[in-house]
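In: sharing a sequence plus its predicted fold:
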Amino acid sequence: MGILDGKAAVVTGAGRGIGRGHCLHLAENGASVIVNDIDADEAQKVVAEIAAKGGKVSANASDIGTREGARELVEQCVNEFGAIHAIVNNAGNVRDRSFLKMTDQEFGDVLRVHVHGTFMCSQEAAQRMRAQGSGGCIINTVSAAHFGNFGQTNYAGSKGAIASMTYTWALELVRYGIRVNAVSPAATTRMSATAKVGGKVVDLPFIDPALNGPFVAFLCSDEADWITGQIFGTGADRVIVVEQPRYGAGMFKPGGWALEDIQQQFKKTLGNRLEPFGLMKQPYPFYDGVKPQAK
C-alpha cells in the first residue's frame with residue numbers, strides 16, 4: 001500500500017531529469033501517472049521504466065503551451081484513470097540572453113511554456129477537480145532565479161509570475177478542496193548546464209534530479225491536505241520554506257511625505273536597510289552611485 005493509492009496524477013515535462021524523478025516517486029507510492037513530454041520517445045522511456053515495476057502509467061506528447069494541448073493532457077488522465085487528483089507543472093525551457101540583447105521571440109518562447117503552460121494546465125485540471133468534488137493538488141515549479149539572475153529576464157520573470165500565481169490560486173481554490181503549492185528544485189539537468197553566476201557559466205556539483213520526487217509525492221498525498229499556498233526549496237539534502245514577499249523596514253509621517261522630507265530622511269533612515277538582490281546576493285554595493293562603467 002502506498003500513500004497515493006487510488007490517485008491519478010499528471011506531470012509535465014517528465015521525459016527527463018526532475019520530471020522523470022517526480023513520475024517515478026508518484027508511481028512508486030501508488031499513483032497512476034501520465035508522463036507528459038513534447039519528446040514522445042523520452043516520455044515512453046519513463047513509461048517503460050514505471051511499467052516494468054508494475055505501475056499504472058501512460059505517455060502523452062501534447063504541447064502544454066497551448067490550450068488544446070493542456071486540455072488533451074488532462075482529458076487523457078480522466079479517460080484512462082477515471083479522474084485527476086494532482087498535476088505537477090514541471091515543463092520548462094530556457095533561452096538565456098542578457099536583457100538588452102534578448103529578442104521578443106526568446107522572451108515569448110519561455111513565457112509560453114512556463115507561464116501560459118502552467119496557467120492552462122492548472123486551469124484545465126482545477127476545473128476537472130471541482131467537477132469531481134474530490135479536491136486535489138496543484139504543484140507548480142519555480143526557481144531561485146526569480147530572485148534575479150543575470151541573462152534570465154524571461155526565465156526569472158516567469159518563475160516570479162508562477163510564484164505569485166501559486167499564492168493567488170491557493171486563495172481561490174481552497175473552497176473546492178484544491179491545494180496549490182510550488183517547489184523550487186535543486187538538480188543537475190540540461191537546463192542547469194547553462195547556469196551562470198556573474199554572467200559566467202559555472203561548473204556546479206552533481207545533484208540527483210530524482211531527489212525532488214519524494215517531497216512532491218508527499219505534497220500530492222492526503223497526509224499533506226493541510227498544506228497550501230507554500231513554496232518549498234527541494235532536492236539535494238534540503239526541504240526549505242521559501243519566504244513569501246512581504247513589506248520590510250519603513251518610515252512613516254502623519255500627512256504623508258513631502259519631497260524635501262524624503263531628501264532629508266531617506267538615506268539616514270532606510271539607507272542601511274536596502275535589500276541585496278540577485279541569486280548570489282552580495283551586500284548592497286551601490287552607495288557611491290550607479291554609474292556607467294568604462295568600456
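Out: Alright, I've got the coordinates.
In: ok, the residue lying closest to Gly55 once chain neighbours are set aside - contacts?
Out: Once flanking residues are discounted, Gly55 sits nearest to Ala27: 3.7 Å by C-beta to C-beta, 6 or more residues apart in numbering. C-beta coordinates here come from the backbone N, C-alpha and C atoms, glycine included. Shown in contact with Ala27 (C-beta atoms under 8 Å, 6 or more residues apart in numbering): Val33, Ile50, Lys53, Gly55, Lys56, Val57.
In: excluding sequence neighbours, find me the nearest residue to the last one.
Out: Translated: Val57. The shortest distance from Val57 to any non-neighbouring residue, by C-beta to C-beta, 6+ apart, is to Ile50 (4.3 Å).
In: might one say that the one you found is in contact with His25?
Out: No - using C-beta atoms under 8 Å, Ile50 is not in contact with His25; the gap is 10.4 Å.
In: Met165 is in contact with Ile231, correct?
Out: No - if you go by C-beta under 8 Å, Ile231 and Met165 don't touch, sitting 11.2 Å apart.
In: against which helices or strands is the longest strand that the chain contains packed?
Out: If you go by DSSP state E, the chain has its longest strand at strand 178-185. Judged by 3 or more C-beta pairs under 8 Å, 6 or more residues apart in numbering; DSSP states H and E, strand 178-185 is in contact with helix 117-132, strand 136-141, helix 153-173, helix 213-220, strand 231-235.
In: could you dump these into JSON lines and include distance to Lys291 and mean pLDDT?
Out: Below are the helices and strands packed on strand 178-185 laid out as JSON lines (distance: least, C-beta to C-beta, whole Å; pLDDT from 0 to 100):
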{"stretch": "helix 117-132", "distance to Lys291": "39", "mean pLDDT": "98"}
{"stretch": "strand 136-141", "distance to Lys291": "38", "mean pLDDT": "98"}
{"stretch": "helix 153-173", "distance to Lys291": "22", "mean pLDDT": "98"}
{"stretch": "helix 213-220", "distance to Lys291": "45", "mean pLDDT": "98"}
{"stretch": "strand 231-235", "distance to Lys291": "35", "mean pLDDT": "97"}
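In: quick one, which of the ones you listed is packed in tightest?
Out: Mean neighbour count, computed with mean count of other C-beta atoms under 10 Å, is highest for strand 136-141 among these, reaching a mean of 26.
In: what about it, distance to the chain center?
Out: From the chain centre to the centre of strand 136-141 is a distance of 9 Å (C-alpha atoms, centre = their mean, to the nearest Å).
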